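S.K.: next come a sequence and a model predicted from it.
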Amino acid sequence: MPVRATKRGAERTPLGGEYDVVICGASFAGLAVARELSGSGARVLIVDRYEIGERQTSACAAPTEWLVNLGLEASIRQTFRDLVMHRPEKTYRWTLSWSFSTFDYAQLCELLAAQGDFTFDTAKVDGITRGTVHTVHTDRGDLRAPLVVDALGWRRVLSEQRDAIQPPEARLSRGLEVHPPATGDDLELWLDPKYIVPGYSWAFPAGDELRTGVGSFDPHIKVKEPTVQLAHDLGIGLEGGYQGNWIPHRLRPATGDGVFFAGDSAGHCLPTTAEGIRTALYFGLAVGRELRKVLDGRQTREQALVRYHAFNEEHRYAFDWLWRVQTVVSGINKYPAMDTALDLMSRPRFIRWAFRHYLNIAPPSFALDGASPWSSAPWEEPAEPLMLRAPDGVGTLAAA
Ligand SMILES: Cc1cc2nc3c(=O)[nH]c(=O)nc-3n(C[C@H](O)[C@H](O)[C@H](O)COP(=O)(O)OP(=O)(O)OC[C@H]3O[C@@H](n4cnc5c(N)ncnc54)[C@H](O)[C@@H]3O)c2cc1C
């Protein structure tokens with residue numbers, strides 16, 4: 001269980017000390033790293049600007065099997081086997097052989113944190129001085145550790161090249177959404193130029209709220225107006241305000257000058273779909289497993305960096321491929337060619353083939369105990385996809 005030592009306002013005292021591992025960022029990637037270090041006896045510190053689970057960073061939809069394999073199913077709000085895709089003139093319903101679930105962000109973070117064994121504190125991370133023992137600079141003081149992870153999201157704060165990734169010139173998408181109280185039965189997507197040409201729109205039901213938003217693959221295009229338009233068209237309000245962020249859409253180096261990067265900081269969000277939770281968990285687990293070996297004396301930090309770098313690069317082909325798809329979608333979205341492409345894609349055999357490959361970029365078996373890079377089993381289609389239902393959006397889950 002994490003030990004909380006959060007300080008706010010006048011209680012915000014200086015922070016410092018020596019640790020075995022400092023994990024910067026307490027969202028999907030950072031908490032996944034920490035989970036793998038549980039029981040190692042190491043002094044692990046996680047720092048984040050906010051409390052764990054305080055700031056939701058997405059629409060929070062992920063493959064159900066990933067959440068279940070990580071023991072996070074209590075956070076699930078709704079499960080979907082179908083993906084409903086809207087075009088201006090036509091709607092497609094794709095039945096997948098695996099399911100997506102929406103979940104409660106705060107609850108998922110709490111559950112994942114409970115699997116770790118670390119000290120947590122709030123601090124803003126400003127930078128790093130590298131060495132055999134690194135010094136992480138925060139607004140509350142300096143933290144020293146030989147093993148440091150940047151799981152801080154798209155800003156890649158601990159990178160020496162961070163200035164090269166600032167929007168709007170950098171390779172980033174942008175997303176914005178609202179979470180008004182409303183219900184729905186389907187995971188819905190829009191490839192409708194009315195809202196956005198280089199991008200897509202979504203409405204993800206999660207129990208008693210409908211997470212509705214627009215993502216642009218072009219960082220220069222603002223998405224507030226189309227988000228308001230989509231909410232208006234769906235007859236929902238804008239209660240609760242907006243939530244948005246930049247989304248890296250190119251894979252970045254996962255190591256640099258002795259630091260490990262996981263999740264959005266390493267560009268682990270998949271292009272085209274902007275699915276970044278599963279991959280943040282996946283690469284976070286991979287970093288955690290490499291660090292665990294270092295802590296157990298089974299490899300050096302340098303060996304861990306080399307292995308994790310190689311693991312990351314093995315995925316470059318898939319990320320590049322999805323980036324090409326994203327470029328094509330941007331190019332043809334406002335033309336009939338998009339309808340032709342979707343008509344061709346809608347064959348059940350193609351859907352099953354494509355989504356199996358897509359899931360296998362980061363297969364759910366990787367979340368099981370004992371899995372390690374290069375040894376996790378690829379996902380094979382089951383007779384029935386895993387479906388869970390939370391009655392009334394909350395409470396105990398049962399197989400549907
Ligand atoms: C509108 C929107 C909707 C999305 N919907 C989905 C979805 O439904 N499914 C999906 O798979 N992906 C979705 N994504 C992508 C997904 O949110 C990201 O890929 C994912 O959150 C990456 O996880 P992460 O742990 O790397 O980083 P984050 O979740 O961004 O976490 C970074 C953490 O670092 C902290 N932090 C940042 N800077 C500092 C600092 N300087 N000092 C201290 N702490 C700091 C933050 O507080 C945060 O806790 C969406 C993205 C957007 C923008």
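M.R.: Perfect, thanks for sending it. As the structure is a prediction and not an experimental result, all values here were calculated from the model.
S.K.: near the ligand, which residues of the stretch 251-400 of the chain show up?
M.R.: Listed as neighbours of the ligand in the stretch 251-400 of the chain under the rule CB under 6 Å from any ligand atom: G263, D264, C269, A274, E275, G276, I277, R278, A280. For glycine as for every other residue, the C-beta is placed from the backbone atoms N, C-alpha and C.
S.K.: the residue nearest to the third one when sequence neighbours are not counted: neighbouring residues, count only.
M.R.: Counting by CB to CB, 6 or more residues apart in numbering, C269 lies nearest to G276, which is 3.1 Å off, once chain neighbours are set aside. Other residues near G276 come to 26 when the count uses other CB atoms under 10 Å.
S.K.: hmm, G276 is touching G267, no?
M.R.: No - judged on CB atoms under 8 Å, G276 makes no contact with G267 at a distance of 9.3 Å.
S.K.: now do the contacts for the residue nearest to C269.
M.R.: Each residue near G276 by CB atoms under 8 Å, 6 or more residues apart in numbering is listed here: F28, S58, I247, G263, D264, H268, C269, L270.
S.K.: for the ligand, see how far away A310 is.
M.R.: Here the distance between A310 and the ligand works out to 20 Å (CB to the nearest ligand atom, to the nearest Å).
S.K.: and the gap between the residue of the stretch 301-400 of the chain found nearest the ligand and L189?
M.R.: Using CB to the nearest ligand atom, A362 is the residue of the stretch 301-400 of the chain that sits closest to the ligand, at 10.3 Å. Computed with CB to CB, to the nearest Å, the distance linking A362 and L189 is 20 Å.
S.K.: neighbour-wise, which of these two wins?
M.R.: For A362 versus L189, neighbours defined as other CB under 10 Å are more numerous around A362 (25 against 18).
S.K.: would you verify that the more buried one is located in a strand?
M.R.: No - judged by DSSP: H, G, I helix; E, B strand; the rest coil, A362 forms no part of a strand; its state is coil.
S.K.: what pLDDT is listed against it?
M.R.: Per-residue confidence (pLDDT) for A362: 96.
S.K.: can you check Y200 too?
M.R.: Looking at Y200, its pLDDT is 98.
S.K.: same question for the one 10 residues further on.
M.R.: Model confidence at L210, given as pLDDT, is 97.
S.K.: again, but for the one 5 residues further on
M.R.: Reading off the per-residue confidence, G215 sits at a pLDDT of 98.
S.K.: got a list of what it touches?
M.R.: S173, R174, G175, L176, I196, G199, Y200, S201, W202, V223, I247, A274 are the contacts of G215 under CB under 8 Å, 6+ apart.
S.K.: just Q161 next, same as before
M.R.: Listed by CB under 8 Å, 6+ apart, the contact set of Q161 reads G256.
S.K.: the residue nearest to G127 when sequence neighbours are not counted and the ligand, how far apart?
M.R.: Leaving aside its chain neighbours, G127 sits nearest to H137 (4.8 Å; criterion: CB to CB, 6+ apart). Taking CB to the nearest ligand atom as the criterion, H137 is separated from the ligand by 10 Å.
S.K.: equivalent analysis for E169, please.
M.R.: Separation of E169 from the ligand (CB to the nearest ligand atom) stands at 19 Å.
S.K.: got phi/psi on that residue?
M.R.: Recorded main-chain torsions at E169 are phi -80, psi -20, according to degrees, to the nearest 10.
S.K.: one more: R307?
M.R.: The phi and psi values for R307, taken as degrees, to the nearest 10, are phi -70, psi -40.
S.K.: that one touches P373, doesn't it?
M.R.: Yes - with contacts defined as CB under 8 Å, R307 counts as touching P373 at a distance of 7.0 Å.
S.K.: quickly list what's touching both of the two.
M.R.: Counting by CB under 8 Å, 6+ apart, the common neighbours of R307 and P373 are E290.
S.K.: quick check: bridge partners of W94?
M.R.: Legend: beta-bridge partners of W94 under DSSP bridges are L83.
S.K.: my guess is it meets D82, correct?
M.R.: Yes - applying CB under 8 Å as the test, W94 and D82 come out as touching, 6.6 Å apart.
S.K.: the more surrounded of those two?
M.R.: Higher neighbour count among W94 and D82: W94, with 19 against 16, using other CB under 10 Å.
S.K.: what's the spacing between that one and R77?
M.R.: Remark: distance between W94 and R77 (CB to CB) = 21 Å.
S.K.: in space, what's closest to K293 - neighbours in sequence excluded?
M.R.: Of all residues apart from its sequence neighbours, Q299 sits closest to K293 (CB to CB, 6+ apart), at 4.7 Å.
S.K.: and for R171?
M.R.: If you skip the residues right next to it in sequence, R171 has R250 as its closest partner in space, 4.3 Å away by CB to CB, 6+ apart.
S.K.: and that neighbour, what element?
M.R.: Using DSSP states H and E, R250 sits in no helix or strand.
S.K.: what is the neighbour count of it?
M.R.: Neighbouring residues of R250 were enumerated by other CB under 10 Å; the total is 16.
S.K.: may I have the predicted confidence score for it?
M.R.: 93.
S.K.: before we move on, what about A399?
M.R.: According to the per-residue confidence, A399 scores 46 in pLDDT.
S.K.: got it, and A390?
M.R.: Per-residue confidence for A390 comes out at a pLDDT of 49.
S.K.: poorly predicted segments of this structure, please.
M.R.: Counting by pLDDT under 70, the low-confidence segments of the chain come to 1-11, 162-164, 375, 383, 385-386, 388-400.
S.K.: can we see that at 50?
M.R.: Judged against pLDDT under 50, the low-scoring parts of the chain cover residues 390-400.
S.K.: ok, now how distant is the residue nearest to G127 from V329?
M.R.: Going from H137 to V329 by CB to CB gives 40 Å.
S.K.: now do L305
M.R.: Between L305 and V329 the computed distance is 35 Å (CB to CB).
S.K.: and for W154?
M.R.: For W154, the distance to V329 under the criterion CB to CB works out to 21 Å.
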